[in-house]
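# next comes the sequence, and after it the predicted model I'd like to discuss.
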Amino acid sequence: MKSHDSCATIGFTTNHRDTEENMGRKHLTLKQHCRGSHFTWAERLKLQYYWTGSNGYRKIRSHTLLGKIFQKSPKTIKRELQRGMVEHVLSDIPFTRIEYNADHAQLDAENRMGARGHNRNQAGTMPWQPESPSSCL
């Protein structure tokens with residue numbers, strides 16, 4: 001693992017400066033610290049929440065900002081998003097929406113690990129449990 005001494009400062013827009021959400025701050029500073037490049041189930045679920053703006057998470061579509069939040073490189077975020085993108089058919093008329101799905105990304109990652117000969121737990125299921133949404137806030 002590498003630790004870097006740089007940080008990112010993100011300014012709030014004037015519309016968001018006086019809301020309770022930012023508690024009067026004018027800038028958000030995120031220190032960069034690289035962690036392993038592999039995503040855990042809980043990180044994939046959080047990434048889904050950030051990407052879609054659900055479960056109380058602010059919608060964020062910037063690979064750079066998501067990289068700062070998850071302490072991973074923007075390229076790792078981009079690859080993870082590509083891995084988990086699925087197409088949802090919303091009606092009989094050709095109307096679809098492409099979104100990140102943590103379950104799909106997790107299954108894809110497990111299949112790739114299995115193909116490379118990594119050890120799986122004996123039952124062949126996920127050895128971890130996802131965090132409850134309330135603990136992710």
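In hand now; what should we look at? Residues are numbered from 1 along each chain as shown.
# how close does residue 109 sit to residue 86?
Residue 109 sits 14 Å away from residue 86, going by C-beta to C-beta, to the nearest Å. Using the backbone N, CA and C atoms, a C-beta is placed for each residue, glycine as well.
# likewise for residue 106?
To residue 86, residue 106 is 12 Å away according to C-beta to C-beta.
# again, but for residue 74
In this view, residue 74 and residue 86 are 22 Å apart by C-beta to C-beta.
# residue 106 and residue 86 - which one has more neighbours?
Neighbours were tallied for residue 106 and for residue 86 using other C-beta atoms under 10 Å; the higher tally belongs to residue 106 (19 against 13).
# isn't the more buried one up against residue 44?
Yes. Judged on C-beta atoms under 8 Å, residue 106 makes contact with residue 44 at a distance of 5.7 Å.
# and the residue lying closest to residue 84 once chain neighbours are set aside, how many neighbours?
With C-beta to C-beta, 6 or more residues apart in numbering as the measure, residue 105 is the residue that lies nearest to residue 84, at 3.0 Å, once sequence neighbours are left out. Neighbour count of residue 105, defined by other C-beta under 10 Å: 23.
# got the confidence number for residue 105?
According to the prediction, residue 105 has pLDDT 93.
# and it, helix, strand or coil?
Classification of residue 105 using DSSP: H, G, I helix; E, B strand; the rest coil returns helix.
# report the helix or strand with the lowest average pLDDT across this protein.
Taking mean pLDDT, DSSP states H and E as the measure, the chain has strand 3-11 as its least confident helix or strand, at a mean of 49.
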